[in-house]
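Enquirer: Sequence below, structure please.
(2 chains)
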Amino acid sequence: MATFSFELVSPERVLFSGEATQVVVPASEGEITVLANHAPFMSALRAGVVTIDGSKRLFVRGGFVDVSATGLSLLAEKAVAIEEINLEKLAGEIKNAEEDVRDAKTGEARDAAVEVLDGLRAMMAAARN
Amino acid sequence: MASLKDLRNRIASVKATQKITKAMQMVAAAKLRRAQASAEAARPYASKMEAVLANIAGGVSGSEAPALLAGNGKDQVHLLIVCTGERGLCGAFNTSIVRLAREKINALLASGKTVKILCVGKKGFEQLKRNYEKHIVELIELRGIKNIGYGEGEMIAKRVISMFEAGDFDVATLFYSRFRSVIAQIPTAQPLIPAEVPTGKTGGAAASYEYEPDEGAILSTLLPRNIAVQIFRALLENSASFYGSQMSAMDNATRNAGEMIKKQTQIYNRSRQAMITKELIEIISGAEAL
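Expert: Numbers count the residues shown, from 1 in each chain, chains lettered A, B, ... in the order given. Next up is the predicted model:
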């Protein structure tokens, strides 16, 4: 099958750079699968799992997907390989985030806390599957 | 003339200082390597971000462009974000950033603009406070943070964006020190709002893109992120510059201490010898008198 160049970068490091045949991306309006010679396309990301060639899975949150003639690039604010997620630590973080939501005084702070919590929950769900 | 004991004490104290500066130099060298690595790791993201932004911004123009991209059309209130280190003992690192900021402040004030300063890092705050205390709106300290992560950049960006949305300023400029090499750090002023869009790469390609949900929605989430990335990159460059600067400053200090020890030891040995000679002469002349 034809391959295309794929890059997954977060602000702190490059997580994947190389050739891929098929990448599933959690775009904001639903999951999309990118194959070689995909039409130029751009979308925001939602929290979810990126699957590279059906095997390598990574959790991403917040960012963009950019399909151009040169290949696919994924900009993710946060990205971790599924196998690197520490479930116990994550459960602790979720508990903290839930408390933050409860303690939030202003509407803005509450929204921010809920967003963090949703991200963490999505990460948990991704790690469980 | 200092006594022998004084000289001995002085040599011992310079030696102790030298040990400290030597240790600081080595610590700075190790930290520099780490800071440099993370600055390099951040580069692909920033350059991708720039490419994406250039792509989209080419398609959106004129009055429909969001304020973060095109500015709000005014040029009266300037916000200067001055990023400096949290510590001293790093040569001219903090001073050179502050000097650049000061020049800009004076130029702006002279042309009748309003200036607001947001300090990131305590050292710059201390230096700017002397002359421009009433202009400083906030100090963000990163003292407790060992490794600068994207979170810090995001936090500062949120603060800046909320100020912008509240109409507290019209134009934002970021001051930091770009890391060229261990001996060269370049203080830099970078326009943040309105965003500086790299031109030249934009073109017909933008038109054939498909956007989901749509260009405007993507742009409105992209721009705040872009600001966060810019600040994050500035912080990383700054920390690499800081350690580079500190390393060369401490290297100098160690060398100076070495020279001083050499000189003092020479004086010490000379006066010791002179004393022995003097005592011998006293004994001999005493024996002769008998």
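
Enquirer: show me what contacts the residue nearest to the spatial centre of chain A?
Expert: By CA atoms, centre = their mean, the mean C-alpha position of chain A lies nearest to A:Val60, the distance being 1.5 Å. Contact partners of A:Val60, counting by CB atoms under 8 Å, 6 or more residues apart in numbering or on different chains, are A:8, A:26, A:45, A:47-50, A:74, A:76, A:78-79. All C-beta atoms are positioned from the backbone trio N, CA, C, and that covers glycine.

Enquirer: Name the residue of the stretch 1-150 of chain B that lies nearest to chain A.
Expert: Relative to chain A, the nearest point of the stretch 1-150 of chain B is B:Tyr150 (4.1 Å; CB to the nearest CB).

Enquirer: my guess is that residue contacts A:Arg61, does it?
Expert: No: the criterion here is CB atoms under 8 Å, and B:Tyr150 misses it with A:Arg61 at 11.5 Å.

Enquirer: who touches both of these two?
Expert: Counting by CB under 8 Å, 6+ apart, the common neighbours of B:Tyr150 and A:Arg61 are A:77-78.

Enquirer: can you list the residues of chain A near chain B?
Expert: Taking CB under 8 Å from any CB of the partner chain, the part of chain A that reaches chain B is made up of A:7, A:9-14, A:27-29, A:39-44, A:62-64, A:66, A:68-69, A:73, A:75, A:77-78.

Enquirer: Derive a PyMOL selection command for the buried subset of those.
Expert: In PyMOL, this line selects whichever of the residues of chain A next to chain B come out buried by 16 or more other CB atoms under 10 Å in any protein chain shown:
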select buried, chain A and resi 7+9+10+11+12+14+27+28+40+41+42+43+44+62+63+64+66+68+73+75+77+78
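
Enquirer: So which of the residues of chain A next to chain B belong to strands?
Expert: Among the residues of chain A next to chain B, DSSP state E puts A:7, A:9, A:14, A:27, A:41-44, A:62-64, A:66, A:68, A:73, A:75, A:77-78 in strands.

Enquirer: Got the domain ranges for the chain?
Expert: Went with chain A since none was named. Domain assignment for chain A by automatic domain parsing gives A:4-83, A:85-128.

Enquirer: try again with chain B
Expert: Domain ranges of chain B: B:4-21+B:250-289, B:37-247, per automatic domain parsing.

Enquirer: Out of those, flag the one nearest A:Val101.
Expert: The minimum distance between A:Val101 and the domains of chain B falls on domain B:37-247, with 18.2 Å, by CB to CB.

Enquirer: Report the mean per-residue pLDDT for that closest one.
Expert: For domain B:37-247, mean pLDDT rounds to 84.

Enquirer: residue with max distance from the center of chain A?
Expert: Most distant from the centre of chain A: A:Lys105, at 29.1 Å, with distances by CA atoms, centre = their mean.

Enquirer: so who does A:Arg57 touch?
Expert: A:49-51, A:81-82, A:126 are the contacts of A:Arg57 under CB under 8 Å, 6+ apart.

Enquirer: which SS class is it?
Expert: Three-state call for A:Arg57 (DSSP: H, G, I helix; E, B strand; the rest coil): strand.

Enquirer: Do you know the pLDDT at it?
Expert: On the pLDDT scale, A:Arg57 gets 87.

Enquirer: Run through the residues that contact the spatially closest residue to it that is not a sequence neighbour.
Expert: The shortest distance from A:Arg57 to any non-neighbouring residue, by CB to CB, 6 or more residues apart in numbering or on different chains, is to A:Ile82 (4.5 Å). Applying CB under 8 Å, 6+ apart to A:Ile82 gives the contacts A:49, A:57-59, A:126-127.

Enquirer: Mind picking the two most distant members of those residues?
Expert: Greatest spacing in these, by CB to CB: A:Leu58 and A:Ala127 (11.2 Å).

Enquirer: quick one, which of these two is more surrounded?
Expert: A:Leu58 (23 against 18; other CB atoms under 10 Å in any protein chain shown).

Enquirer: Give the bridge partners for that one, please.
Expert: A:Leu58 has these beta-bridge partners by DSSP bridges: A:Val50, A:Ala81.

Enquirer: Can you tell me how far it is from A:Ile82?
Expert: A:Leu58 sits 6 Å away from A:Ile82, going by CB to CB, to the nearest Å.

Enquirer: Please enumerate the shared neighbours of these two.
Expert: Residues within reach of A:Leu58 and of A:Ile82 at once, by CB under 8 Å, 6+ apart, are A:Val49.
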